[in-house]
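1. Okay, sequence plus prediction incoming.
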Amino acid sequence: MSRQAEDLLNRNLKDAFSLIEKKKYKKALEKLDKAEKLAEKAERLDLVCRVLLQRGAAMVSMDKPDEGQVIYDKALEIFRTSDLNEHENSVLQFTLSNTFQKLARHFKKTGSVENAEKCYLNEIKVHEILLKKYPEDEEPEMEIARAYDSIGDLYEGSEPEDMDPETEGQYYEKVLDLREKAFELLPESDIYRNKLVRVLGKLTDLYLTQQDYETSIQLQERVVEAFEEMIDDLANWKELRAKGNAYDKLGFLYSEIGKEELAEDQYSEALEYYGMIFDDELWSLSDKMMLADEIMERGKDLLLSKKYESAKESMDLAFDFLENLDKEELEEIGKEFMDLANILFGERDEEELEDSSYLTELAGISRDYAKTLSDLGRNKEAEEFTARSEKIFGKLAERGS
């Protein structure tokens, strides 16, 4: 193809693009006809594909998406079946992939989720063709995973308002399918795993509100399974905490259907991960103290549900951590957490505290833990915490609180 002919073809394509933006479709299609004839005459299939891509974009812009897809399929078929040299193949691959990406982003900005999804699916077809041509190349799989992830982001970023539970379930089942596809292609990706876990959690909560415990359990089991495939990373306390929370939630769900033994196993697993956070020196004392406080609250909830052994495990973990703190460490953290540790372990007089509501909370924790210890036959320890609780309540009575 002569340089002059190629310049003319590119000029026609540029003019067509400008005319499409101005919605002057008749003139745009005339320009594309001229460009296509030049490409066919030169027997340049890569240029034919460029023309087809613009023609398809014109059809979509004219609100004829089905006709546009037929044209896109022709371009993809040329790419799939043509015996192109390495340079032409590379140029065509880039042209197809880049065009579909740009179109997808355009439709995303305009709020056309369905058309954006179709563009990403077309991009996936490009990389599936590459995967068949070059099965040893890892990049096509990575690009396919990225495209599925982009569709998942597209849907999660445009959630309709006021969906009824059934519609919402169907909507997020679709998102789940997309997240699964991305994760299956790149299971070592923490980003794709976390996105999968997030949508599984959303569906778990959705079915839980409908009291569909069996479905909730199936989904939460998959959350735990996804976390189990992760290497325990002590350098990421949020992941350790998320893993603990996943087991804790599964335990709650098992308990709701009466599978208490399975529930206790999950609670114990959760505490293992919480314990890793307490044992690691990387994390701040204030973070650990907040976790200790939450674990004691968790123990109280378990206690109220008469799950004495699990309640004892939770409270013991928090108390073991607090008991190991020295006074210098306590001085490094906030006043509230110092009060919590000092009062519970008898290192400070309750009269020094001014916040009566906080004292009441401390007394309640001590009393509830005493009951747990008593139910487990640990009577001596139970008496110590009962006395501590009564002492605090006595101080509150003296104040008239």
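-> Looks like it came in fine.
2. Just the element for residue 10, please.
-> helix 3-21 (DSSP states H and E).
3. Give me the contact list for that helix.
-> For helix 3-21, contacts defined as C-beta atoms under 8 Å, 6 or more residues apart in numbering pick out 25, 27-29, 31-32, 34-35, 38-39, 41-42, 47, 50-51, 54, 57-58, 61. (C-beta placed from N, C-alpha, C; glycine too.)
4. ok, now with 6 Å
-> Residues from elsewhere that reach helix 3-21, judged by C-beta atoms under 6 Å, 6 or more residues apart in numbering: 27-28, 31-32, 34-35, 38, 54, 58, 61.
5. what about the protein, any weak spots by pLDDT?
-> 1, 231-237, 325-359, 361-362, 399-401 (pLDDT under 70).
6. ok, and the closest non-adjacent residue to residue 53?
-> residue 99 (4.7 Å; C-beta to C-beta, 6 or more residues apart in numbering).
7. For the helix or strand hosting the one you found, which helices and strands make contact with it?
-> Element membership for residue 99, per DSSP H and E: helix 86-109. The contact analysis (3 or more C-beta pairs under 6 Å, 6 or more residues apart in numbering; DSSP states H and E) places helix 86-109 against helix 45-61, helix 113-133.
8. Could you identify which of those helices is most buried?
-> With neighbours taken as mean count of other C-beta atoms under 10 Å, the helices and strands packed on helix 86-109 reach their highest mean count in helix 45-61, at a mean of 23.
9. Tell me what angle it forms with helix 86-109.
-> Calculated by axes from the mean of the first three to the mean of the last three C-alpha atoms, to 10 degrees, helix 45-61 forms an angle of 10 degrees with helix 86-109.
10. Which other helices and strands does helix 45-61 contact?
-> helix 3-21, helix 25-41, helix 65-81, helix 86-109.
11. can we see that at 10 Å?
-> If you count contacts as 3 or more C-beta pairs under 10 Å, 6 or more residues apart in numbering; DSSP states H and E, helix 45-61 packs onto helix 3-21, helix 25-41, helix 65-81, helix 86-109, helix 113-133.
12. Next, format those helices as JSON lines and append distance to residue 312.
-> Converted to JSON lines, these look like this (distance: least, C-beta to C-beta, whole Å):
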{"stretch": "helix 3-21", "distance to residue 312": "69"}
{"stretch": "helix 25-41", "distance to residue 312": "74"}
{"stretch": "helix 65-81", "distance to residue 312": "62"}
{"stretch": "helix 86-109", "distance to residue 312": "52"}
{"stretch": "helix 113-133", "distance to residue 312": "51"}
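13. looking at those, which is buried most?
-> helix 113-133 (a mean of 19).
14. As PDB, could you dump the C-alpha coordinates of that one?
-> Extracted C-alpha coordinates of helix 113-133, given in PDB (Å, rounded to 0.1, in the frame of the first residue of the first chain):
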ATOM      1  CA  VAL A 113     -23.600  -0.400  31.900                       C
ATOM      2  CA  GLU A 114     -24.900  -2.900  29.400                       C
ATOM      3  CA  ASN A 115     -22.900  -1.500  26.500                       C
ATOM      4  CA  ALA A 116     -19.800  -1.100  28.600                       C
ATOM      5  CA  GLU A 117     -20.100  -4.700  29.600                       C
ATOM      6  CA  LYS A 118     -20.400  -5.800  25.900                       C
ATOM      7  CA  CYS A 119     -17.200  -3.900  25.100                       C
ATOM      8  CA  TYR A 120     -15.300  -5.600  27.900                       C
ATOM      9  CA  LEU A 121     -16.600  -9.000  26.700                       C
ATOM     10  CA  ASN A 122     -15.400  -8.200  23.200                       C
ATOM     11  CA  GLU A 123     -12.000  -7.400  24.800                       C
ATOM     12  CA  ILE A 124     -12.100 -10.800  26.500                       C
ATOM     13  CA  LYS A 125     -12.700 -12.400  23.100                       C
ATOM     14  CA  VAL A 126      -9.500 -10.800  21.800                       C
ATOM     15  CA  HIS A 127      -7.400 -12.200  24.600                       C
ATOM     16  CA  GLU A 128      -9.100 -15.600  24.400                       C
ATOM     17  CA  ILE A 129      -8.000 -15.800  20.700                       C
ATOM     18  CA  LEU A 130      -4.500 -14.900  21.800                       C
ATOM     19  CA  LEU A 131      -4.600 -17.600  24.500                       C
ATOM     20  CA  LYS A 132      -5.400 -20.200  21.800                       C
ATOM     21  CA  LYS A 133      -2.700 -18.800  19.500                       C
END
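15. Quick one: distance of that helix to the chain centre.
-> How far helix 113-133 lies from its chain's middle: 23 Å, per C-alpha atoms, centre = their mean, to the nearest Å.
16. again, but for stretch 128-144
-> 26 Å.
17. Helices of the stretch 151-300 of the chain, start to end?
-> For the stretch 151-300 of the chain, the helices defined by DSSP state H, counting those that start in this stretch cover 165-185, 190-209, 213-228, 237-256, 260-279, 285-304.
18. what's the most buried one of those helices?
-> helix 237-256 (a mean of 21).
19. who wins for proximity to residue 397 among the helices of the stretch 151-300 of the chain?
-> helix 285-304 (22.4 Å; C-beta to C-beta).
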